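*Asks:* Return atomic coordinates for the entry below.
(one chain, ligands or ions: 1)
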Amino acid sequence: MLGLMQDWPLTVDRILDHAKANFPNREVVTRSIEGPITRNTYGNIWTRAKKVTGALRARGIQMGDRVGTLAWNTDRHLEAWYGAMGMGAVLHTLNPRLFPEQIAWIINHAEDKVLFFDTTFTPIVEKIAPLLTSVKLYVAFTDRAHVPESSVPIEAYEDFIHGQSTDAAWGGFDENTAAGLCYTSGTTGDPKGVLYSHRSNVLHAMAANQTDVFGCGASDVVMPIVPMFHANAWAISFVGPMCGAKVVMPGGKLDGPSVFELLETEGVTFTAAVPTVWLGLLAFLRENKLKPTTLKRVVIGGSAVPEAVLRAFEEDYGIEVLHGWGMTEMSPMGTVGKLLPEHAAQDRESQLKTKLKQGRPPFTVEMKIVDDEGVEKPHDGKAFGRLLVRGPSIAKAYFKNAGAKNDKGEALEKCGFFDTGDVATIDPLGIMQITDRAKDVIKSGGEWISSIDIENLAVGADGVANAAVIGILHPKWDERPLLIIEPKPGAQPTRDQLLKFLEGKIAKWWMPDDVVLVEKIPLGATGKINKLALRETFKNYKFPTTQAAE
Ligand code: AMP
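*Replies:* Alright, predicted model coming up:
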């Protein structure tokens, strides 16, 4: 027997329809690429998104066609986002921090027909245009006056949508229709495309905005610092219009002073970014003795939250940190670290320990940890294993069946779960802690050492700007940890000071065998430490003890 409820497919165009119907005057504020702060509304964004649809259709774009964007978070990007998805085209965000050749490879693989881009990225577009095999239309997110002279035929976005009507139809297709495409950072092998559906995006946004996750409402002012090209801006481009929050789009300026200015002038209450952005903001606040006055909650994810960052936000500024873990393949939200009633009676230090863990899954995410044979490990907070996940907003396959593990083209384990590539523990309250990336774990004498744990402690030491730990081959132990430190400007922390700082905080056999200082720790395209580059730099490195033994 079927239920007797209405047929209302979960398509994302309904999210902007909802915002227009209920919050037409709620603001969307942007630090524009041209410079000034601009003020827009959901009502107007809806109007202009409809025009984008009209313009795309007029140029022959159809359902299922891929529409690329190489752009920062702005209101125009949001309009193109809904304009493309609303008509059933696939909005494909591109990460401008990748090498131009990689971007070209991804565009060709995705067969993007249109490329929207910010004028900041014109040099990239000019470099890749001769390599592109499918792009027919280049549209710069600006007006005619700001279109740069170029060898590429560039149209101004404002001209592109000009004169279009607002009655272009949206939706009306299956909720499982593809809506968005985002390639993984591809630290190993070619990048792989994650193809979100309308249904997965809607469910994910609802899951991400549950009370114990983001918990945003119409009184919030949300600023997605995390770019729309980094896994859907962690759902915020859907969550904002869904709950009627005012949205502040930071454009391309993500440095401490620029972020702080917007936080204060726009009264931001909720924001989200990777730890590197927060390190920049916190350094700026400290140097200038400033304090955010309206910010209540920050989501920090993408890599583990360093203890020093957690303490600074919560103890110095009274801002709640929500530690989040996820991945592009999970839309991206996997867990968020909100405390439970069971933690209420604990002292602050114990609570802090829990908050440094990656947190628990919201409804729609199932998790388990398994050994190499797929046998489940206990949820005792100690046993660690490969972290597998399942849910309606988690990839079952990659675009064009890349990385398929079975003959159906799926990238799933035999049990039907997706292997995250992370190694983790889960405690009896269901709180997950990442021990490491499976490939970054340091395998010493048959035991595993977590590089992340040591890094997070080391960034708290005096004079340290950033820290990384990698495994170095060792004749006796297979691998031993090497601690790599980027000092703060002007600081020169010594090996002995750093090792002394770690003493007692980690097991003796986890102590790095050596410490080296580098000018800059390389970061990857999404702001995470680029371990691959570090392993390459230190591939001939030998510990002093190893050299002595040889
Ligand atoms: P991406 O798909 O580029 O966002 O990368 C996903 C990966 O980033 C995950 O599989 C984790 O290895 C890592 N990651 C994301 N969030 C966290 C976190 N809070 N702590 C530790 N690692 C994280």
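*Asks:* Next up, phi/psi of the spatially closest residue to residue 137 that is not a sequence neighbour, please.
*Replies:* Closest residue to residue 137 apart from its sequence neighbours, by CB to CB, 6 or more residues apart in numbering: residue 114 at 4.5 Å. In this view, the C-beta of every residue, glycine as well, is placed from N, C-alpha and C. Dihedral angles of residue 114 (phi, psi; degrees, to the nearest 10) stand at phi -130, psi 150.
*Asks:* secondary structure class for the closest residue to residue 52 other than its chain neighbours?
*Replies:* Counting by CB to CB, 6+ apart, residue 52 lies nearest to residue 83, which is 2.7 Å off, once chain neighbours are set aside. On the three-state scheme (DSSP: H, G, I helix; E, B strand; the rest coil), residue 83 is labelled helix.
*Asks:* my read: residue 83 touches residue 46, true?
*Replies:* No: taking contacts as CB atoms under 8 Å, residue 83 lies outside contact range of residue 46: 9.8 Å.
*Asks:* picking that back up, who's in contact with the residue nearest to residue 137?
*Replies:* Contact analysis of residue 114 by CB atoms under 8 Å, 6 or more residues apart in numbering lists 56, 59, 61, 65, 67, 68, 135, 136, 137, 138, 139.
*Asks:* at 10 Å instead, please
*Replies:* Going by CB atoms under 10 Å, 6 or more residues apart in numbering, residue 114 touches 55-56, 59-61, 65-69, 80, 84, 89, 92, 134-139, 155, 160.
*Asks:* taking these one by one, which sit in helices?
*Replies:* Of the contacts of residue 114, the ones assigned to helices by DSSP state H are 55, 56, 80, 84, 160.
*Asks:* Make TSV from those and add pLDDT to it.
*Replies:* Listed next are the ones in helices among the contacts of residue 114 as TSV, based on pLDDT from 0 to 100:
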residue	pLDDT
55	98
56	98
80	98
84	98
160	98
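*Asks:* what helix or strand is the residue minimising distance to the centre of the chain on?
*Replies:* Per CA atoms, centre = their mean, the C-alpha nearest to the average position across the chain is that of residue 230, at 4.4 Å. Here residue 230, judged by DSSP states H and E, is contained in no helix and no strand.
*Asks:* just residue 323 next, same as before
*Replies:* strand 320-326.
*Asks:* That strand pairs with which strands, parallel or anti?
*Replies:* Here strand 320-326 is paired, per DSSP bridges, with strand 297-301 (parallel), strand 333-336 (antiparallel).
*Asks:* Quick one: residues contacting residue 330.
*Replies:* 194, 200, 204, 231, 361, 364-365, 389, 391, 393-395, 418, 420 are the contacts of residue 330 under CB under 10 Å, 6+ apart.
*Asks:* please redo it, this time with the cut-off set to 6 Å
*Replies:* residue 394 (CB atoms under 6 Å, 6 or more residues apart in numbering).
*Asks:* Number the residues from 25 up from this point.
*Replies:* Done: numbering now begins at 25, and the last item shifts to residue 354.
*Asks:* and stretch 423-439, does that touch the ligand?
*Replies:* No: Stretch 423-439 lies apart from the ligand when judged by CB under 6 Å from any ligand atom; the minimum separation is 13.5 Å.
*Asks:* swap that for stretch 296-304, please
*Replies:* No: Stretch 296-304 lies out of reach of the ligand by CB under 6 Å from any ligand atom, never closer than 8.3 Å.
*Asks:* In stretch 499-515, which residues are buried?
*Replies:* 501, 503, 504, 505, 506, 507, 508, 509, 510, 511 (16 or more other CB atoms under 10 Å).
*Asks:* Mind listing residues that contact it?
*Replies:* Identification of contacts with stretch 499-515 by CB under 6 Å, 6+ apart yields 466-469, 473, 487-496, 498, 517, 536-542, 544-545.
*Asks:* which of those residues are buried?
*Replies:* 466, 468, 473, 487-488, 490-496, 498, 517, 536-539, 541, 545.
*Asks:* still on that earlier bit, distance to the ligand and neighbour count for the ones in helices among the contacts of residue 138 - can I get that in CSV?
*Replies:* Converted to CSV, these look like this (distance: CB to the nearest ligand atom, whole Å; neighbours: other CB atoms under 10 Å):
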residue, distance to the ligand, neighbour count
79, 32, 24
80, 28, 27
104, 22, 27
108, 22, 27
184, 31, 22
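*Asks:* give me the residue from the stretch 375-524 of the chain nearest the ligand.
*Replies:* residue 458 (4.3 Å; CB to the nearest ligand atom).
*Asks:* Read off the pLDDT value for that residue.
*Replies:* In the prediction, the pLDDT value recorded for residue 458 is 92.
*Asks:* what are the phi and psi values for residue 101?
*Replies:* Main-chain dihedrals, residue 101, degrees, to the nearest 10: phi -60, psi -40.
*Asks:* pretty sure it is touching residue 91, no?
*Replies:* No: counting by CB atoms under 6 Å, residue 101 stays clear of residue 91, with 11.7 Å between them.
*Asks:* Please list the residues outside stretch 334-346 that contact it.
*Replies:* 306, 315, 316, 319, 321, 322, 323, 324, 360.
*Asks:* Tell me who's in contact with the first one.
*Replies:* Neighbouring residues of residue 306 by CB under 6 Å, 6+ apart: residue 336.
*Asks:* and the host helix or strand of it, which residues are buried?
*Replies:* Per DSSP H and E: residue 306 is located in helix 299-312. By neighbour count with 16+ other CB under 10 Å, helix 299-312 contains the buried residues 299, 300, 301, 302, 303, 304, 305, 306, 308, 309.
*Asks:* Adding pLDDT, write those residues out as TSV.
*Replies:* Shown next, in TSV, are the buried residues of helix 299-312 (pLDDT from 0 to 100):
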residue	pLDDT
299	90
300	86
301	91
302	93
303	89
304	90
305	95
306	95
308	96
309	97
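*Asks:* and which of those residues is nearest to the ligand?
*Replies:* residue 299 (8.5 Å).
*Asks:* if I pick that closest one, what's in contact with it?
*Replies:* Contact analysis of residue 299 by CB under 6 Å, 6+ apart lists 324, 327, 333.
*Asks:* ok, the closest residue to the last one other than its chain neighbours to residue 322 distance?
*Replies:* What sits nearest to residue 333 in space, not counting adjacent residues and going by CB to CB, 6+ apart, is residue 302, at 5.3 Å. The spacing between residue 302 and residue 322, counted by CB to CB, to the nearest Å, is 7 Å.
*Asks:* quick check, residue 448 in a strand?
*Replies:* Yes: counting by three-state DSSP, residue 448 is found in a strand.
*Asks:* Might one say that it is in contact with residue 460?
*Replies:* No: between residue 448 and residue 460 there is no contact under CB under 6 Å: 8.7 Å.
*Asks:* Between these two, tell me which one has more neighbours.
*Replies:* Shown here are residue 448 and residue 460; by other CB atoms under 10 Å, residue 448 has more neighbours (24 against 20).
*Asks:* what residues does stretch 37-46 touch?
*Replies:* In contact with stretch 37-46 (CB under 6 Å, 6+ apart) are residues 66, 67, 70, 106, 110, 194, 195, 262, 265, 266.
*Asks:* buried ones in that stretch?
*Replies:* 37, 38, 39, 40, 41, 42, 43, 44.
*Asks:* Next SSE downstream of the helix or strand where residue 272 lies?
*Replies:* Element membership of residue 272 [criterion: DSSP H and E] is strand 270-273. Next along the chain after strand 270-273, taking DSSP H and E as the criterion, comes helix 280-290.
*Asks:* for that following helix, the distance to its chain's centre please.
*Replies:* 21 Å (CA atoms, centre = their mean, to the nearest Å).
*Asks:* What of stretch 501-517?
*Replies:* Per CA atoms, centre = their mean, the centroid offset for stretch 501-517 relative to its chain is 26 Å.
*Asks:* Span of it from start to end?
*Replies:* 28 Å (CA to CA, to the nearest Å).
*Asks:* State the distance from the nearest residue to residue 109 once chain neighbours are set aside to residue 477.
*Replies:* Distance criterion CB to CB, 6+ apart; nearest residue to residue 109, sequence neighbours excluded, is residue 203 at 4.7 Å. Going from residue 203 to residue 477 by CB to CB gives 37 Å.
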